[in-house]
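A.B. asks: Quick one, fold the following:
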Amino acid sequence: MLAKRVFRNVVYNSSSALIANVVGVVVTIYVARALKPELFGIYSLALSIAFLLLTFTDLGINSTLVRYVAHAYGLKDYELVRGYIRSLSKLKVLLVLIVSITLFASSDVLSIYVFHKPLLSNPLKVISLYTLFFSLLGFINSIFNAFNDFKANLVRALTYEFSRLFFIILFVSIGLSVVGALLGFVIASFFALIVLLVLLLKKYGDFVFGRAKPIDWRRIVRFTSYLTIGSITWVVFAYVDSVMIGMFLPAEEVGYYRASYK
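C.D. replies: This next block holds a predicted model:
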């Protein structure tokens with residue numbers, strides 16, 4: 001029974017990763033050809049900034065949720081499960097709102113005075129919504145994983161990846177350019193978020209509503225602090241190079257770099 005469950009989860013995760021990689025390559029090739037070097041560079045720089053900031057909407061919260069909810073669920077302490085989900089949800093929403101609103105409000109300043117690229121302003125405004133929806137999507141996905149339900153990973157991949165492929169091609173083809181391509185990410189993340197949220201309430205609604213126990217925040221903060229260091233380090237090394245290129249070189253250089261990186 002355990003072996004079948006492990007195999008099933010491996011299949012779900014492998015399928016999700018395969019779909020994400022294939023769609024990612026197709027999207028990159030299409031957008032690079034459609035937008036040309038300068039606008040593709042603006043598009044790539046906006047996404048790099050978004051993924052860099054997504055780190056600060058997580059800070060290890062998703063992994064902490066999986067660890068403690070899974071432990072409480074194994075003990076059949078369902079009130080504690082609700083406590084972890086509700087408390088960490090509040091913290092997550094707070095961080096997400098702070099980062100998204102800050103990015104939206106500072107988009108003009110960043111584009112003109114930091115990156116010296118006025119064309120980046122509207123893409124940053126759009127991408128602030130992406131950081132909001134995509135971060136919440138990852139959090140909801142983590143709740144499923146805490147219950148050892150990895151089928152949600154595949155549902156997320158199918159919904160998000162094919163939605164962004166469809167909407168990016170649609171919006172770019174009708175002439176919305178960089179903003180249209182990024183809107184594809186926003187709509188796809190929002191759509192996937194709604195799908196997972198409906199599935200969560202339908203399948204695990206009893207663990208969301210009802211009496212909840214208070215949690216030990218000292219344990220949570222101590223555990224999360226170690227994860228935060230690791231998560232920030234990985235993402236900074238993955239995207240800070242693109243951001244620095246965008247600060248000191250023309251937008252085309254970011255496009256060439258990200259295209260070769262893919």
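
A.B. asks: distance of A251 from K117?
C.D. replies: Distance of A251 to K117, computed by C-beta to C-beta, to the nearest Å: 6 Å. (Each C-beta comes from the backbone N, C-alpha and C, glycine too.)

A.B. asks: quick one: common contacting residues for those two?
C.D. replies: I42, L45 (C-beta atoms under 8 Å, 6 or more residues apart in numbering).

A.B. asks: any idea of the pLDDT on A259?
C.D. replies: Looking at A259, its pLDDT stands at 68.

A.B. asks: An error on my part: the question was meant for T28.
C.D. replies: On the pLDDT scale, T28 gets 89.

A.B. asks: Which helix or strand contains it?
C.D. replies: helix 2-54 (DSSP states H and E).

A.B. asks: same check, this time on V99
C.D. replies: helix 78-105.

A.B. asks: Give the other helices and strands that that helix contacts.
C.D. replies: Using 3 or more C-beta pairs under 8 Å, 6 or more residues apart in numbering; DSSP states H and E, the elements in contact with helix 78-105 are helix 2-54, helix 61-74, helix 121-146, helix 217-248.

A.B. asks: mind listing what's buried in it?
C.D. replies: Buried positions in helix 78-105, judged by neighbour count with 16 or more other C-beta atoms under 10 Å: 78, 80-85, 87-89, 91-92, 95-96, 99-100, 103-104.

A.B. asks: How about the residue nearest in space to the middle of the chain: what's its closest non-neighbour residue?
C.D. replies: Nearest to the geometric centre of the chain sits F134, at 3.8 Å (C-alpha atoms, centre = their mean). Nearest residue to F134, sequence neighbours excluded (C-beta to C-beta, 6 or more residues apart in numbering): S189, at 4.3 Å.

A.B. asks: Contacts only, for that neighbour.
C.D. replies: Contacts of S189 by C-beta under 8 Å, 6+ apart are Y130, F133, F134, L137, Y160, R164.

A.B. asks: model confidence over the helix or strand hosting it, on average?
C.D. replies: If you go by DSSP H and E, S189 is part of helix 177-204. Taken as a whole, helix 177-204 carries a mean pLDDT of 94.

A.B. asks: chain center to it, what's the gap?
C.D. replies: With C-alpha atoms, centre = their mean, to the nearest Å as the basis, helix 177-204 stands 10 Å off its chain's centre.
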